[in-house]
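> Need a 3D model of the following:
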Amino acid sequence: IQIPDEISKTNELLKLGKSIYTEIGCNKCHGETGKGDGPSSNILVDSWGYPIIPRDFTSGVYLGGGQTQDLYLRFVGGMDGTPMPAYGNLSELLGKPKEDEKKLAWSLVHYVKSLETGISEEAINTPEDGKITALAVSKRTKSDKLLDASSSLWNKADSYSIPISRLWQSDNVNYQVVEVQAVYNSKYIAIKLEWDDITSDTSLYRVQDFQDAAAIQFSIDGTMDFHGMGSKDHPTDIWFWKSEWQMQKNSDTDSN
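This is a model prediction of the structure:
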């Protein structure tokens with residue numbers, strides 16, 4: 001898909017984009033304010049029949065990039081495997097002249113961008129080309145210091161922001177950013193994950209509940225594709241942390 005020269009945002013374009021947003025039904029899934037809470041948001045499924053939630057436009061965070069050009073590609077080309085259709089024929093859908101196609105598309109892009117109320121891609125430090133640089137520390141640094149999240153050595157390590165999506169809609173916020181730091185020496189490597197969470201879920205009482213946890217997966221054979229939980233052809237090494245384990249560890253330490 002060729003991306004045409006961007007038309008600068010104006011009040012006229014925003015007004016046009018808002019009308020298009022409603023006329024083609026964006027609000028049915030993404031909601032009137034773009035929060036991803038439209039009347040169809042809870043019944044959407046992907047091409048495999050699994051539940052899928054619409055993007056929360058107010059967050060300003062997109063897994064595939066949040067620049068205007070990125071949104072243009074998604075709106076015009078659609079997203080395979082999801083309910084998001086392609087709108088490369090807006091002029092036809094809206095009964096407008098074909099020469100207005102470019103204006104219609106960019107007006108929708110600018111309007112959706114105007115819905116952002118949370119953090120934006122420009123406000124976070126995402127890894128360039130998906131690469132994270134770890135900080136080398138002295139070989140005399142002990143493992144217990146590397147495992148101390150409050151240690152001063154983390155102040156020297158670069159922090160990278162990884163945007164992720166929620167599995168279910170929330171009344172509070174539907175995006176999440178995980179801050180990632182890494183340090184290493186000749187014996188150890190430590191990775192610190194940090195995120196904001198308004199709840200503290202440290203115990204698992206019901207099967208439908210999830211306690212706070214995080215996992216990091218390493219490709220054993222060095223390939224960079226998506227491997228799920230690993231396979232015979234592409235084995236992986238998974239590091240898993242759960243808050244319950246941390247609470248138990250802290251309790252054992254205090255008792256000693």
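
> use CA for all of it now, contacts and neighbours both
Noted.

> So residue 238 lies in a helix, does it not?
No: using DSSP: H, G, I helix; E, B strand; the rest coil, the assignment for residue 238 is strand, not a helix.

> Tell me who's in contact with it.
Neighbour list for residue 238: 215-218 [criterion: CA atoms under 8 Å, 6 or more residues apart in numbering].

> Same list (those) but as JSON lines, adding pLDDT.
As requested, those are exported to JSON lines (pLDDT from 0 to 100):
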{"residue": "215", "pLDDT": "92"}
{"residue": "216", "pLDDT": "92"}
{"residue": "217", "pLDDT": "92"}
{"residue": "218", "pLDDT": "91"}
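
> nearest to residue 190, of the residues you listed?
residue 216 (11.3 Å; CA to CA).

> Now the phi/psi pair for the nearest residue to residue 136 once chain neighbours are set aside, please.
Closest residue to residue 136 apart from its sequence neighbours, by CA to CA, 6 or more residues apart in numbering: residue 184 at 5.1 Å. Backbone torsions for residue 184, taken as degrees, to the nearest 10, come to phi -160, psi 160.

> burial count for residue 31?
Counted with other CA atoms under 10 Å, the neighbours of residue 31 add up to 22.

> and the gap between it and residue 92?
Applying CA to CA, to the nearest Å, the value for residue 31 to residue 92 is 24 Å.

> Over to residue 129?
In this view, residue 129 and residue 92 are 37 Å apart by CA to CA.

> Just want the most central residue of the protein.
By CA atoms, centre = their mean, the mean C-alpha position of the chain lies nearest to residue 164, the distance being 2.7 Å.

> isn't that one right next to residue 177, touching?
Yes: Residue 164 lies in contact with residue 177 (CA atoms under 8 Å); the separation is 6.0 Å.

> more crowded one of residue 129 and residue 92?
residue 92 (12 against 6).

> Would you map the helices across the stretch 151-256 of the chain?
Taking DSSP state H, counting those that start in this stretch, the helices of the stretch 151-256 of the chain run over residues 243-255.

> Any regions of it where pLDDT drops low?
Counting by pLDDT under 70, the ranges of the stretch 151-256 of the chain that qualify are 165-175, 198-209, 247-256.

> try it again with 80
Low-confidence segments of the stretch 151-256 of the chain (pLDDT under 80): 163-176, 196-211, 225-226, 244-256.

> Please enumerate the helices of the stretch 1-150 of the chain.
Under DSSP H, counting those that start in this stretch, the stretch 1-150 of the chain gives helices at 11-23, 26-30, 68-77, 90-94, 101-114, 143-146.

> ok, and what's touching the first one?
Same thing as helix 11-23. Contacts to helix 11-23, defined as CA under 8 Å, 6+ apart, come from residues 27, 94, 103-104, 106-112, 114.
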